[in-house]
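>>> Sequence plus the predicted model coming up.
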Amino acid sequence: MVLIPAGSVAPVIVFGIVGFLFNVAFYYSLKYRERKGKEPLIQTRLMHNKTSNLGLVTQNIQWLMLQGIFFGGSVFFQTLKGFNAINTGLTLTVTTLGILVTSAIAGRLAAIRQTRLNIRSGFVLSIIGIALLLAFGRVESPTWYFFPGFFVIGAGFGIMLTASVVLVQSQFPDKDQGEISGLSRSISNLGSSFGVSIVGSIIVLQIGSHAGEPFFLAFVFLMAMAIVGMIAAILIPKPSSNEQKVIEESAPKAKSK
């Protein structure tokens, strides 16, 4: 049965356009309420800060990558390696271990290094980790061949997840923390949705190809997204001395969240 005739427009493109137009309409509805003196769901001025916006981009990509890696890895191990759910979870726990190791020192790193440098370092580690998976992760490879890649990826996330949150929240005064925190969480959740849906689509569209090829392409996509995140991190402006002080004070609060 053919669900989408050859040459027709894929539904995901239509839905993507509709979603984009909906967001544009939502933004201008917020502007309209502000002009009328009414309380909007979120202040539009929060979306005009370059540093915060770039930080939100890195957050979105981080969660896209994290959920994409967990989803793609889970499907790979269960469909091609024949693992059950428990063995799959134990294998992916290596990523969580990497997150725990570096997140434990994330607050200390924020106090001695600029947050944007920590975000860059996290993306560098994640790119290296994905490269290790692409180089050594094969269907016929022993399970332990996957451990270095997953651990390095997790270490990268542990460094930059907290750093991005700190960077975004430090750009606004206390009275705006509720709104910017909600926006930050929404962007992260959106990234998680993108990660699962896009990686899942890549795998499904490649069904019938050589074993392992769909997962290779999925992880190539995730590496490409890591490079985009690195570019966004490079574009983050250097903070002033006062901004850096606020970031250092914000690190414990952000980590506790």
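Now that the structure is in, tell me what you want to look at.
>>> does the residue nearest the centre of the chain sit in a helix or strand, and which one?
Nearest to the centroid of the C-alpha atoms of the chain, with distances taken as CA atoms, centre = their mean, sits residue 62, at 1.9 Å. For residue 62, the element it lies in under DSSP states H and E is helix 50-79.
>>> now swap in residue 138 and tell me
Using DSSP H and E, no helix or strand contains residue 138.
>>> Could you report the pLDDT at it?
Residue 138 carries a pLDDT value of 84.
>>> How about the one 5 residues further on?
The per-residue pLDDT reported for residue 143 equals 89.
>>> that older thread, what residues are up against the residue nearest to the centre of the chain?
Going by CB atoms under 8 Å, 6 or more residues apart in numbering, residue 62 touches 122, 157, 160-161, 164, 188, 191, 229. Just so you know, the C-beta spots here come from the backbone N, C-alpha and C atoms, and that holds for glycine as well.
>>> Among these, which one is most surrounded by other residues?
Per-residue neighbour counts (other CB atoms under 10 Å) across the contacts of residue 62 peak at residue 164, which has 32 neighbours.
>>> So that residue is in contact with residue 59, correct?
Yes. Residue 164 lies in contact with residue 59 (CB atoms under 8 Å); the separation is 4.6 Å.
>>> can you list residues touching both of these two?
Going by CB under 8 Å, 6+ apart, no residue sits against residue 164 while also sitting against residue 59.
>>> In three-state terms, how would the residue nearest to residue 67 when sequence neighbours are not counted be classified?
Excluding its sequence neighbours, the residue lying closest to residue 67 (CB to CB, 6 or more residues apart in numbering) is residue 195, at 3.7 Å. What DSSP: H, G, I helix; E, B strand; the rest coil gives for residue 195 is helix.
>>> buried residues in the helix or strand hosting residue 91?
Using DSSP H and E, residue 91 falls within helix 85-103. If you call a residue buried by 16 or more other CB atoms under 10 Å, then helix 85-103 has these buried ones: 88, 91-92, 94-96, 98-99, 102-103.
>>> Can you tell me how far residue 127 is from residue 96?
If you measure residue 127 against residue 96 using CB to CB, to the nearest Å, the figure is 19 Å.
>>> quick one: low-confidence ranges for the stretch 101-250 of the chain?
For the stretch 101-250 of the chain, the stretches with pLDDT under 70 are 107, 110-112, 206-212, 240-250.
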